[in-house]
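Student: Take a look and give me a structure for this.
(2 chains)
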Amino acid sequence: DGGITQSPKYLFRKEGQNVTLSCEQNLNHDAMYWYRQDPGQGLRLIYYSQIVNDFQKGDIAEGYSVSREKKESFPLTVTSAQKNPTAFYLCASSIEGRGTEAFFGQGTRLTVV
Amino acid sequence: GNSVTQMEGPVTLSEEAFLTINCTYTATGYPSLFWYVQYPGEGLQLLLKATKADDKGSNKGFEATYRKETTSFHLEKGSVQVSDSAVYFCALSGHTNTGNQFYFGTGTSLTVIP
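Tutor: Numbers count the residues shown, from 1 in each chain, chains lettered A, B, ... in the order given. Got it, this is the predicted structure:
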């Protein structure tokens, strides 16, 4: 089955620690995205990547970092510089072209303890 | 710039009631429009889409028509079921020189009671 896999589903982090969220897709999509979702709010774009070894900051990139070494993988690191990291994180991918939709993973809920 | 504004919730309806969730957009160029649905603790799933003016997207009894003159893409369903309880997001995509960008509304929570 083709799709996007995010892991883990739940993640707990101590303050001051970096943590990496995994996102893998087998849809052969060029573009991948990371969004943050807070209760009662929409999705805010953190980073996106259109091709391997290239990525751009979204609206709320501060305190986050990404890499895109393989087409299938787009991990997100939440660093200790992110002051309020507790949130639901969603990874998505799409093919290039007008009218194509984004496909989403199941999300990772990160909680700082 | 691009943005999406959708009806604030929460919305509570009785089973078999008619549903409308309003969505309006601001965009440069010719965006594509989408409705996504999110169930608790899950990611977003595409519900329907429309890629040009006057197109109607439909799926599982839900419909939305791309209205360029009113910059709207309202979601409708004639008879809701308890299983339709979820959060609904309106979204648009615009193609730029850095690829597709997606813009989402804040979501509308729907609860359907038996």
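
Student: make it CA atoms for all contacts and neighbour counts henceforth
Tutor: OK.

Student: which residues touch the nearest residue to A:Ser93 once chain neighbours are set aside?
Tutor: Once flanking residues are discounted, A:Ser93 sits nearest to A:Met32: 4.2 Å by CA to CA, 6 or more residues apart in numbering or on different chains. Taking CA atoms under 8 Å, 6 or more residues apart in numbering or on different chains, we find A:Met32 in contact with A:48-50, A:74, A:91-94.

Student: can you redo those residues as a markdown table with pLDDT?
Tutor: Below are the contacts of A:Met32 laid out as a markdown table (pLDDT from 0 to 100):
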| residue | pLDDT |
| --- | --- |
| A:Tyr48 | 95 |
| A:Ser49 | 95 |
| A:Gln50 | 93 |
| A:Phe74 | 98 |
| A:Cys91 | 98 |
| A:Ala92 | 97 |
| A:Ser93 | 97 |
| A:Ser94 | 95 |
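
Student: top of those residues by neighbour count?
Tutor: Within the contacts of A:Met32, most neighbours by other CA atoms under 10 Å in any protein chain shown means A:Cys91, with 33 neighbours.

Student: And that residue, which helix or strand is it part of?
Tutor: strand A:87-94 (DSSP states H and E).

Student: what residues does the strand of greatest length in chain B touch?
Tutor: Among the segments of chain B that qualify as a strand by DSSP state E, the longest is strand B:86-96. For strand B:86-96, contacts defined as CA under 8 Å, 6+ apart pick out A:42, A:97-99, A:101, B:2-4, B:6, B:23, B:25, B:27-40, B:100-111.

Student: Among the residues you listed, name the buried ones.
Tutor: The neighbour count (16 or more other CA atoms under 10 Å in any protein chain shown) marks A:42, A:98-99, A:101, B:2-4, B:6, B:23, B:25, B:27, B:30-38, B:100-111 as buried among the contacts of strand B:86-96.

Student: How much space separates the residue in chain A that chain B sits nearest to from B:Leu44?
Tutor: Residue nearest to chain B within chain A: A:Gly42 (3.7 Å; CA to the nearest CA). Applying CA to CA, to the nearest Å, the value for A:Gly42 to B:Leu44 is 11 Å.

Student: try B:Gly1
Tutor: 24 Å.

Student: What segments of chain A are helices?
Tutor: Applying DSSP state H to chain A gives no helices.

Student: Tell me the residues on it that lie near chain B, please.
Tutor: A:31, A:40-43, A:50, A:90, A:96-99, A:101-107 (CA under 8 Å from any CA of the partner chain).

Student: With distance to B:Ala86 as added columns, please give the contacts of A:Met32 in CSV.
Tutor: Shown next, in CSV, are those (distance: CA to CA, whole Å):
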residue, distance to B:Ala86
A:Tyr48, 27
A:Ser49, 29
A:Gln50, 30
A:Phe74, 28
A:Cys91, 20
A:Ala92, 20
A:Ser93, 22
A:Ser94, 23
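
Student: Show me the residues of chain A next to chain B that map onto strands.
Tutor: Using DSSP E, the members of the residues of chain A next to chain B that fall in strands are A:31, A:43, A:50, A:90, A:103-104.
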